[in-house]
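K.L.:
Sequence plus the predicted model coming up.
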Amino acid sequence: MSTWAGRPHLSILGGKEEDRFTQYLAELLRAPVVLSAFLKSVCGLSAIVDSQISARTQVTIPGGRPDLAIRSESLYLLCEAKVSSWLHEEQLTPYAQELEQWHQAHPQGTARLFVLAPQRQVGGIVQAAERDLAGAGLDQWRPTSITWEQIAALFQGLDVEDRRLMLHLQEFAEIVTYRLGEPLRPFTLEECRQLDDPLVARSICRARLLVEQVTKLLSKRGSEVRANRGELYDGYYLKYDGRTWWYGLWIEAWAKIGWSPVFLQLLGYSNWPLPPFPAGLPSPAGFQLDNVEQIVVPLAIRHDVELEKLADEQAEVIWRYASKLPESGSSEQQA
């Protein structure tokens, strides 16, 4: 039975995106083990979490409403959170004034101001905040920057006994990654080991050769095939009877979904739910890219199967989608 009292479902009631993210975060911080790790790893504070410390969202102070407040008898942290918006002019001034008054009454306590934002914009937000606070004579309350990506990385690696809590920590980390993209970070040791292995490179080369074999087969069936390559994808537009699909290696889809680096993109679908699919066809999957739901079909690469046979199988899957579900292709002219 779960001992965590968090109610993450409350986050869906938030009116603004920042409200939903911070509500979810605050519910996770109701677990002492999570709050302790957050204070130490993200906030840089070695604090002992006890029943006196609480995390709350949308608290009211004179002149403002910080997104997150963490407080006890000896600790007072205020945090303004941003996901896609920017600071309002002098937005942090009431927060700094509140912390100043509290610190005067609790000189032995710890008071800090934080700005929480995506990694790509947190630096600019902090600079704007510093200018405002300096203009108000409150530059001693320079905000500390933290990022959603930092929190996601912490939660992804946090080991907790409560299974329900563990699932929501992983879910929160996945939501951050889907919304903000894969964070810039050092390579892990495991990633370096994989990239050091020439077998990884040979596997990708073989997958690329498979794509070429499939497109040749589709051309013979009457498909118009046109190359389409970019930073993280390498494939082809396939056109049948005025409808267009995309097929090839898609690294971003592979990183988010797994299963296979080779995908058929159903350009005619952009939202769930999807219509019923004929028996025997592999099921589509979805992932968010630039806030748009992409619908793709991962095409399995099976071991010990001759490349020609595997190419026949994938070509048949694509052909069946095109002939049985023409609406899965786009009717718009692709650039």
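P.N.:
Structure's in. What do you need?
K.L.:
contacting residues around the one helix or strand in the chain whose mean pLDDT sits lowest?
P.N.:
None of the helices or strands of the chain scores lower by mean pLDDT, DSSP states H and E than strand 285-289, at a mean of 79. With contact meaning CB atoms under 8 Å, 6 or more residues apart in numbering, strand 285-289 is reached by 178-179, 252-253, 256-257, 259, 272, 293-298. To be clear about C-beta, it is placed using only N, CA and C from the backbone, and glycine gets the same treatment.
K.L.:
nearest to W319, of those?
P.N.:
W319 lies nearest to V297 out of the contacts of strand 285-289, by CB to CB, at 12.7 Å.
K.L.:
The residue nearest to that closest one when sequence neighbours are not counted sits in which helix or strand?
P.N.:
What sits nearest to V297 in space, not counting adjacent residues and going by CB to CB, 6 or more residues apart in numbering, is L264, at 4.3 Å. L264 belongs to strand 262-265 when assigned by DSSP states H and E.
K.L.:
What subset of the contacts of strand 285-289 is buried?
P.N.:
Among these, those classed as buried by 16 or more other CB atoms under 10 Å are 179, 252-253, 256-257, 259, 294-298.
K.L.:
what ranges do the helices span in the stretch 1-150 of the chain?
P.N.:
Ranges of helices within the stretch 1-150 of the chain are 17-28, 32-37, 93-105, 119-135, 148-157, based on DSSP state H, counting those that start in this stretch.
K.L.:
For those, give me a markdown table that also has mean pLDDT.
P.N.:
Output for the helices of the stretch 1-150 of the chain, formatted as a markdown table (pLDDT from 0 to 100):
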| stretch | mean pLDDT |
| --- | --- |
| helix 17-28 | 92 |
| helix 32-37 | 92 |
| helix 93-105 | 95 |
| helix 119-135 | 87 |
| helix 148-157 | 91 |
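K.L.:
out of the ones you listed, deepest packed?
P.N.:
Across the helices of the stretch 1-150 of the chain, averaging neighbours per residue (mean count of other CB atoms under 10 Å) puts helix 17-28 on top, at a mean of 22.
K.L.:
From the contact counts, what lies against that helix?
P.N.:
strand 54-57, strand 68-71, strand 75-81, helix 148-157, helix 163-180 (3 or more CB pairs under 8 Å, 6 or more residues apart in numbering; DSSP states H and E).
K.L.:
again, only this time at 10 Å
P.N.:
Counting contacts by 3 or more CB pairs under 10 Å, 6 or more residues apart in numbering; DSSP states H and E, helix 17-28 is packed against helix 32-37, strand 54-57, strand 68-71, strand 75-81, strand 110-117, helix 148-157, helix 163-180.
K.L.:
Mind putting these into TSV with distance to G242?
P.N.:
Formatted as TSV, those follow (distance: least, CB to CB, whole Å):
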stretch	distance to G242
helix 32-37	53
strand 54-57	51
strand 68-71	52
strand 75-81	47
strand 110-117	45
helix 148-157	42
helix 163-180	33
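K.L.:
quick one, which of these is nearest to K16?
P.N.:
Short answer: strand 75-81, nearest of those by CB to CB, at 9.9 Å.
K.L.:
Now do that closest one against helix 93-105: the angle between them, please.
P.N.:
170 degrees (axes from the mean of the first three to the mean of the last three CA atoms, to 10 degrees).
K.L.:
Name every strand pairing with strand 75-81 and say which way it goes.
P.N.:
strand 68-71 (antiparallel), strand 110-117 (parallel) (DSSP bridges).
K.L.:
so can I have TSV of these showing mean pLDDT?
P.N.:
Formatted as TSV, those follow (pLDDT from 0 to 100):
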stretch	mean pLDDT
strand 68-71	95
strand 110-117	94
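K.L.:
Brilliant, that's me finished.
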